[in-house]
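Asks: test case, fold it:
(2 chains)
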Amino acid sequence: SQTIHQWPATLVQPVGSPLSLECTVEGTSNPNLYWYRQAAGRGLQLLFYSVGIGQISSEVPQNLSASRPQDRQFILSSKKLLLSDSGFYLCAWSRVRNTEAFFGQGTRLTVV
Amino acid sequence: RKEVEQDPGPFNVPEGATVAFNCTYSNSASQSFFWYRQDCRKEPKLLMSVYSSGNEDGRFTAQLNRASQYISLLIRDSKLSDSATYLCVVGYLRDGNNRKLIWGLGTSLAVNP
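Replies: From the prediction side, this is the model:
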């Protein structure tokens, strides 16, 4: 069966510090991968998606970047965090792009 | 008008009750529909896809009404463990094969003993 791992679960970072969140998927190959953010009182916002190694599409301009160095690894990064980057970050995968998606446990990021 | 709209609730129901949520969508070209469940401070989990003919999974029934552009979720014999936020998700082809998913803000359900 497929599993998705995302870490860390919680993170408190100062403004201006870098960020690296990692997500890995097991039990499937060539998954579609996604990074979402869920801010308080707002719906899930798609940040990035990837259909293959090295292929990254950005949905919204922002302070973040994503990379996919391996088939089942997806990384979300920032060089300098802003207060507005606080939120619940979720990694997800699907077999077919933008169909049923399965989420990791999420990372609750607080920028202080 | 929002692309996907849900009544935020909260819906407070006693155990054993039947409760229904609706979700309206604005894009008539929408092709895929899902219900997710999200517990407090947890990740969303797929509850069920919604098919044109409607579908049922145990106590849960999902319906699609294309003419009125809404989907519904019916929960029968509510359990305490059904307390959660239910997210509606609608997908459409943005251009070519580029599918886009739009997430609702969710409907909060509290099942009381």
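
Asks: could you report the pLDDT at the residue nearest the centre of chain A?
Replies: The centroid of chain A falls nearest to A:W35 when counting by C-alpha atoms, centre = their mean (3.0 Å). You'll see A:W35 listed with a pLDDT of 95.

Asks: ok, now the one 10 residues further on?
Replies: pLDDT, A:Q45: 91.

Asks: any idea which element it lies in?
Replies: strand A:44-52 (DSSP states H and E).

Asks: so how far is A:L83 from B:G54?
Replies: Counting by C-beta to C-beta, to the nearest Å, the gap from B:G54 to A:L83 is 45 Å. All C-beta spots, glycine's among them, are computed from the backbone N, C-alpha and C.

Asks: do a quick rundown of the strands in chain B.
Replies: Secondary structure of chain B (DSSP state E): strands at B:4-6, B:11-14, B:19-25, B:32-38, B:44-49, B:55-57, B:60-65, B:70-75, B:84-95, B:98-103, B:107-112.

Asks: quick one: strands adjacent to the worst-scoring helix or strand of chain B on mean pLDDT?
Replies: Ranking every helix and strand in chain B by mean pLDDT, DSSP states H and E puts strand B:98-103 at the bottom, with a mean of 81. Using DSSP bridges, the strands paired with strand B:98-103 in its sheet are strand B:84-95 (antiparallel).

Asks: okay, the angle between the strand it pairs with and strand B:60-65?
Replies: Calculated by axes from the mean of the first three to the mean of the last three C-alpha atoms, to 10 degrees, strand B:84-95 forms an angle of 40 degrees with strand B:60-65.

Asks: tell me which residues of strand B:84-95 are tucked away?
Replies: B:A84, B:T85, B:Y86, B:L87, B:C88, B:V89, B:V90, B:G91, B:Y92 (16 or more other C-beta atoms under 10 Å in any protein chain shown).

Asks: which of these lies closest to chain A?
Replies: B:G91 (5.6 Å; C-beta to the nearest C-beta).

Asks: who's in contact with the nearest residue to that closest one once chain neighbours are set aside?
Replies: Spatial nearest neighbour of B:G91, excluding adjacent residues (C-beta to C-beta, 6 or more residues apart in numbering or on different chains): B:S32 at 3.7 Å. By C-beta atoms under 8 Å, 6 or more residues apart in numbering or on different chains, B:S32 lies in contact with A:N98, A:T99, B:S49, B:V90, B:G91, B:Y92, B:R99, B:L101.

Asks: tell me if the strand holding A:Q45 is near chain B.
Replies: Yes - for strand A:44-52, a contact with chain B is found by C-beta under 8 Å from any C-beta of the partner chain, at A:L44, A:L46.

Asks: what is that strand packed up against?
Replies: Applying 3 or more C-beta pairs under 8 Å, 6 or more residues apart in numbering or on different chains; DSSP states H and E, one finds that strand A:44-52 contacts strand A:32-38, strand A:55-58, strand A:65-70, strand A:73-78.

Asks: just say which of these is most tucked in.
Replies: Burial of those is given as mean neighbour count (mean count of other C-beta atoms under 10 Å in any protein chain shown); strand A:32-38 ranks first at a mean of 24.

Asks: what pairs with that one, and is each one parallel or antiparallel?
Replies: For strand A:32-38, pairing defined by DSSP bridges yields strand A:44-52 (antiparallel), strand A:87-94 (antiparallel).

Asks: could the ones you listed go into a markdown table alongside mean neighbour count?
Replies: Output for the strands paired with strand A:32-38, formatted as a markdown table (neighbours: other C-beta atoms under 10 Å in any protein chain shown):
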| stretch | mean neighbour count |
| --- | --- |
| strand A:44-52 | 19 |
| strand A:87-94 | 23 |
